[in-house]
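K.L.:
Okay, structure incoming, though there's no sequence with it:
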């Protein structure tokens, strides 16, 4: 059974930091491109950051470049999103996504991040 379990969300003040974690099980983690998406009510899910499998090449949405860092630990089968200098517009539900192919991908249940003073 495939599971992606996110954690680390919460309430933080503007300028603060959080680290999201996504622990996976039931997949060959090393083979998957891992991504973080976020979504606010009434909007589509947007890609925040991604990291490839073997080369660990990273990509970021323009809105988070320089503030967020994605990383992975293939031993722990975990992907992280380090978020610094958080802004109110970063408030969203954050989802972990594991991608192997168009027909083989999985989502986590999400973790809420709220940036507010």
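P.N.:
Yep, it's here. Keep in mind the model is a prediction, meaning the values are calculated, not measured. Numbers count the residues shown, from 1 in each chain.

K.L.:
Can you say which helix or strand has residue 79 in it?
P.N.:
Assessed by DSSP states H and E, residue 79 sits inside strand 78-83.

K.L.:
Now whichever helix or strand comes after that strand: buried residues?
P.N.:
Downstream of strand 78-83, the next assigned helix or strand under DSSP H and E is strand 92-101. Buried residues in strand 92-101, counted by 16 or more other CB atoms under 10 Å: 92-99. No exception for glycine: its C-beta is placed from N, CA and C like everyone else's.

K.L.:
tell me the contacts of the spatially most central residue of the chain?
P.N.:
By CA atoms, centre = their mean, the chain has its centre lying nearest to residue 36, at 2.8 Å. If you count contacts by CB atoms under 8 Å, 6 or more residues apart in numbering, residue 36 has them with 20, 22, 47-50, 70, 79, 81, 94-97.

K.L.:
Same question for residue 14.
P.N.:
Residue 14 sits in contact with 86-88, 115-117, where contact means CB under 8 Å, 6+ apart.

K.L.:
Narrow those residues to those that are buried.
P.N.:
Buried, going by 16+ other CB under 10 Å: 86, 115, out of those.

K.L.:
now the contacts of residue 14 in CSV, with distance to residue 109 and pLDDT?
P.N.:
Shown next, in CSV, are the contacts of residue 14 (distance: CB to CB, whole Å; pLDDT from 0 to 100):
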residue, distance to residue 109, pLDDT
86, 21, 98
87, 24, 98
88, 24, 98
115, 21, 98
116, 23, 97
117, 28, 94
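
K.L.:
And the strands in the protein?
P.N.:
Ranges of strands within the chain are 3-7, 10-12, 18-25, 33-39, 46-51, 58-60, 68-73, 78-83, 92-101, 104-107, 111-115, based on DSSP state E.
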